[in-house]
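>>> Provided below for reference: sequence and predicted model.
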Amino acid sequence: MHLRHSSTVGPDPSPSGRGPRNSRRPRRHAGALGALLAAVGLLASACTSGGSTHSESGAAEAGLAALPRSTPAALTPYYTQKLTWRSCGMPGFQCATMRAPLDYTKPDAGDAKLAVARKKATGPGARLGSLLVNPGGPGGSAIGYLQQYAGIGYPTDVRARYDMVAVDPRGVARSEPVECLDGREMDAYTQTDFTPDDAEETGELVEAYKKFAEGCGADAPGLLRHVSTAEAARDMDILRSVLGDEKLTYVGASYGTFLGATYAGLFPDRVGRLVLDGAMDPSLPARRMNLDQTAGFETAFQAFARDCVRQRDCPLGTKASEVGRGLKAFFEKLDAQPVPTGDPDRRDLGESLATTGVIAAMYDEGAWATLRDALTSAMRENDGAGLLALSDSYYERDGDGRYTNLMFANAAVNCVDLPPAFSTPDQVRGALPAFEKASPVFGEGLAWATLNCAYWPVAPTGESHRIEAKGAAPIVVVGTTRDPATPYRWARALTTQLSSSRLLTYDGDGHTAYGRGSTCIDDTINRYLLRGTPPTEGKRCS
C-alpha cells in the first residue's frame, strides 16, 4: 500500500527533503515506492474467527473476533510494568521504554522493546486521560509525529486536557527499527525502473526486490515475523494499561485507522474515543485494495489537472484532458533519457524518481504549486532538482544521503499482514490492463510495485477480514472525497462494518482531513474528543 506517514512536504522543499511547515495546513505525504501497493496488513490469523472467505466483490466476509476480556496470567507482568520516564531532548516531552512480548502466543520467548513518548496535559481543565496518536505509514514514527506536530500543533484545548502520547510500533523508528539497505543501496533501489519494458528490465526489477527483501531478512529475521498490525494493536493495549487508562482514546490517520480499527475489533470493551481519519477498508484482499488505491490516485490527479490548466504556469497543457497525456509522455521521455539534477551524489531524474515526486504532491493540494514549478523546470529547463526534492521528501532521504527506516518498516508490516496481490511478473502483466484503466498515468508503475512482497523472507500471517467491534463506544470514521491514498469508498465501507461508527465526510482534496484547514472538521472532532459527542449521522464538511 501507498499510505501516509508523519513527515511534511512544504511549498518549497529543502535539500533535506523537509519543507517549511505551513501553520494553517500541515503538509503531509506518505509511503515508500518500494512498498507502494504492497499488501497492507490486516489481522494475525490466530486472532480471527476462522478462515476468510470473499464475496464476488472481493471483500472478506469473515470477521475479527475479540480477545477475552480477562488478561492472561502470562501477560500480567507486561500489563503491570512501571515506565521510567526521562527527558528526551525536547522541552516538555518525556520518553520511556515499554516491554511487550515478541510473540503473544509464547510470552516467555523474549521481549520487544518499544519507545514511548508523552507530553503531559498543560491545563486548565480536568485531565481526560491519555490521547494516543499514530500518523500512519505503516512505518511512520509516531514519536516523531508527536514531537513535531501533535504535541505542539493539536488544538490548545485538546492538549490542555489530555496527556499526548505516542509509541513507535515494533520495527519502526525508535522501536528496534528494521534496516535493509544502506544509503547508496537505497539510492540505487529508488532509481530502479518500475515500468519494465522487456525481460531484461523485468529481471532487474525482480532482483532489486529480492535484494531489498534479503537485506531486511538478514537484519532482523526474528523480529520480521512479529511486526503485524494485530501485534501492534495488542501493544497499544498494554500501553493503555501502563498509562492507567481504563479506555483507549486514539487518533489514527491513514494506516493508523487500520491499526485503530484492529484495536477496536480485539478490545471493543476498552474503546474510548477513537478517531479514524483517512480510513482503510480492512475487508479487501490485496489486489482489490491496490486497484482501489490506483483509482484514488487518478481521482486526485484529475483534480490537480483541472487546477493546473486554470493556472498561468501549467506546463502540461491548456485543457484538463491533455494533462495526463502530457505527463505520461514526459515519464516516457525520462525513461529513455534522464535529466540532470545537480545532485552531489550524481543522481539524475529518471522515470521512477519523477513519478515518486509527482505522487508525493498528490497528498496535499497545497503542494500543487510546487509540483507545477518542478515540472516546468524539468520539462522546459532540463533541471530535475525540484522533482528530486519532492521524491527525497517522500522517501525521507536527507541531504547527506541517509534514509530513515520508514521504507523498511513499511514493507515489513505490509508483507506480513496480507498475502501479496501477485506472486510472479506474469501475474502482474496479466493485470496491467485493469491497473492502466484505473489510472492511465500511474497504473503501470503501481501494478509492478505490488510485486515486492512476493520475495519477502517471511510468510504472511494475516488475511483480510471485516472488523465489527460489537459493543464498542461510538467511533468516528473520517473520509475525504478526493483522497488519493485512502479512497473515500474505504471510509464508507469501514463505517458499514464497525457497529458503532459515525461517518464524517470532508468534501475536498488531499489525504486525511483533521488539522488541514476545515473548521467544520476540526470543530466536530474536537467536540468528540473533549465532550464525547460524535457527529450527527451523515455529517459533511467542506
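Thanks, I have it.
>>> tell me the predicted confidence for the residue nearest the centre of the chain.
Most central in the chain under CA atoms, centre = their mean is Gly137, positioned 2.5 Å from the mean C-alpha point. Gly137 carries a pLDDT score of 93 in this model.
>>> can you offset everything so residue one is 49?
Sure thing, new numbering starts at 49, so read that last one as Gly185.
>>> quick one, what contacts Pro149?
Going by CB atoms under 8 Å, 6 or more residues apart in numbering, Pro149 touches Leu123, Tyr126, Pro155, Ala157, Gly158, Asp159, Ala160. Using the backbone N, CA and C atoms, a C-beta is placed for each residue, glycine as well.
>>> tell me how far the third one lies from Pro149.
Between Pro155 and Pro149 the distance, using CB to CB, to the nearest Å, works out to 4 Å.
>>> cool, the first one as well?
Going from Leu123 to Pro149 by CB to CB gives 7 Å.
>>> overlap in contacts, the two.
Between them, Leu123 and Pro149 share the neighbouring residues Pro155, with contact defined by CB under 8 Å, 6+ apart.
>>> so what sits against both of Pro155 and Pro149?
Common contact partners of Pro155 and Pro149 (CB under 8 Å, 6+ apart): Leu123, Tyr126.
>>> got the buried residues for the longest helix along the chain?
Secondary structure of the chain read by DSSP state H shows that its longest helix is helix 334-356. Buried residues in helix 334-356, counting neighbours by 16 or more other CB atoms under 10 Å, are found at 334-353, 355-356.
>>> would you mind writing the CA trace of that helix as PDB?
Taking only C-alpha atoms (Å, rounded to 0.1, in the frame of the first residue of the first chain), the coordinates of helix 334-356 have been written out as PDB:
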ATOM      1  CA  ALA A 334      -4.500  -7.000  -1.700                       C
ATOM      2  CA  ARG A 335      -5.400  -7.000  -5.400                       C
ATOM      3  CA  ARG A 336      -8.700  -5.200  -4.900                       C
ATOM      4  CA  MET A 337      -7.200  -2.800  -2.400                       C
ATOM      5  CA  ASN A 338      -4.400  -1.900  -4.800                       C
ATOM      6  CA  LEU A 339      -6.800  -1.300  -7.700                       C
ATOM      7  CA  ASP A 340      -8.900   1.000  -5.500                       C
ATOM      8  CA  GLN A 341      -5.900   3.000  -4.400                       C
ATOM      9  CA  THR A 342      -4.700   3.300  -8.000                       C
ATOM     10  CA  ALA A 343      -8.100   4.700  -8.900                       C
ATOM     11  CA  GLY A 344      -7.700   7.000  -5.900                       C
ATOM     12  CA  PHE A 345      -4.500   8.500  -7.200                       C
ATOM     13  CA  GLU A 346      -6.200   9.000 -10.600                       C
ATOM     14  CA  THR A 347      -9.000  10.900  -8.900                       C
ATOM     15  CA  ALA A 348      -6.500  13.100  -7.100                       C
ATOM     16  CA  PHE A 349      -4.500  13.600 -10.300                       C
ATOM     17  CA  GLN A 350      -7.600  14.700 -12.200                       C
ATOM     18  CA  ALA A 351      -8.300  17.300  -9.600                       C
ATOM     19  CA  PHE A 352      -4.700  18.500 -10.000                       C
ATOM     20  CA  ALA A 353      -5.200  18.600 -13.700                       C
ATOM     21  CA  ARG A 354      -8.300  20.700 -13.500                       C
ATOM     22  CA  ASP A 355      -6.500  23.100 -11.200                       C
ATOM     23  CA  CYS A 356      -3.300  23.100 -13.300                       C
END
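>>> ends of stretch 560-574, how far apart?
Distance between the two ends of stretch 560-574: 15 Å, counting by CA to CA, to the nearest Å.
>>> pull out the buried positions in that stretch.
Going by neighbour count (16+ other CB under 10 Å), the buried part of stretch 560-574 is Thr560, Ala561, Tyr562, Gly563, Arg564, Gly565, Ser566, Cys568, Ile569, Asp570, Thr572, Ile573.
>>> can I get those in a markdown table with distance to Phe141?
Output for the buried residues of stretch 560-574, formatted as a markdown table (distance: CB to CB, whole Å):
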| residue | distance to Phe141 |
| --- | --- |
| Thr560 | 23 |
| Ala561 | 26 |
| Tyr562 | 21 |
| Gly563 | 19 |
| Arg564 | 24 |
| Gly565 | 26 |
| Ser566 | 28 |
| Cys568 | 31 |
| Ile569 | 27 |
| Asp570 | 23 |
| Thr572 | 28 |
| Ile573 | 23 |
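>>> of those, which belong to helices?
Per DSSP H, the buried residues of stretch 560-574 map to helices at Cys568, Ile569, Asp570, Thr572, Ile573.
>>> the fourth one and Leu307: what is the separation?
Separation of Thr572 from Leu307 (CB to CB): 22 Å.
>>> repeat for the third one
From Asp570 over to Leu307 the distance is 22 Å, taken as CB to CB.
>>> residue boundaries of the strands in the stretch 49-198 of the chain?
Under the criterion DSSP state E, counting those that start in this stretch, strands of the stretch 49-198 of the chain are mapped to 91-92, 134-135, 142-149, 159-167, 177-182.
>>> wait, which of the ones you listed is closest to Ala278?
Proximity to Ala278, assessed across the strands of the stretch 49-198 of the chain by CB to CB, is greatest for strand 91-92 (3.9 Å).
>>> now do the strands in the stretch 399-548 of the chain.
Listed from the start of the chain, the stretch 399-548 of the chain has strands (DSSP E, counting those that start in this stretch) covering 510-511, 523-530.
>>> what are the buried residues along stretch 391-408?
Counting neighbours by 16+ other CB under 10 Å, one finds that the buried residues in stretch 391-408 are 391, 395-408.
>>> which one of these is nearest Ile515?
Top of the list for closeness to Ile515, among the buried residues of stretch 391-408 and by CB to CB, is Ile407 at 28.0 Å.
>>> my guess is that closest one meets Val489, correct?
No: assessed by CB atoms under 8 Å, Ile407 is found out of contact with Val489, at 9.9 Å.
>>> and which of the contacts of Pro149 is nearest Ala520?
Leu123 (21.4 Å).
>>> for the closest one, what are its contacts?
By CB under 8 Å, 6+ apart, the contact set of Leu123 is Pro149, Tyr152, Pro155, Ile286.
>>> how about a cut-off of 7 Å?
Counting by CB atoms under 7 Å, 6 or more residues apart in numbering, Leu123 makes contact with Pro149, Pro155.
>>> ok, it to Arg218 distance?
Here Leu123 is placed at a distance of 16 Å from Arg218 (CB to CB).
>>> count the neighbours of Pro508 for me.
21 (other CB atoms under 10 Å).
>>> look at the residue nearest to it when sequence neighbours are not counted and report its pLDDT.
Using CB to CB, 6 or more residues apart in numbering and skipping the chain neighbours, the partner closest in space to Pro508 is Pro467 (4.9 Å). Predicted confidence (pLDDT) for Pro467: 94.
>>> Arg514 now?
Per-residue pLDDT puts Arg514 at 97.
>>> thought it was touching Thr310?
No: if you go by CB atoms under 7 Å, Arg514 and Thr310 don't touch, sitting 11.7 Å apart.
>>> settle it for me: which of those two has more neighbours?
Each of Arg514 and Thr310 has its neighbours counted (other CB under 10 Å); Thr310 has more, 31 against 22.
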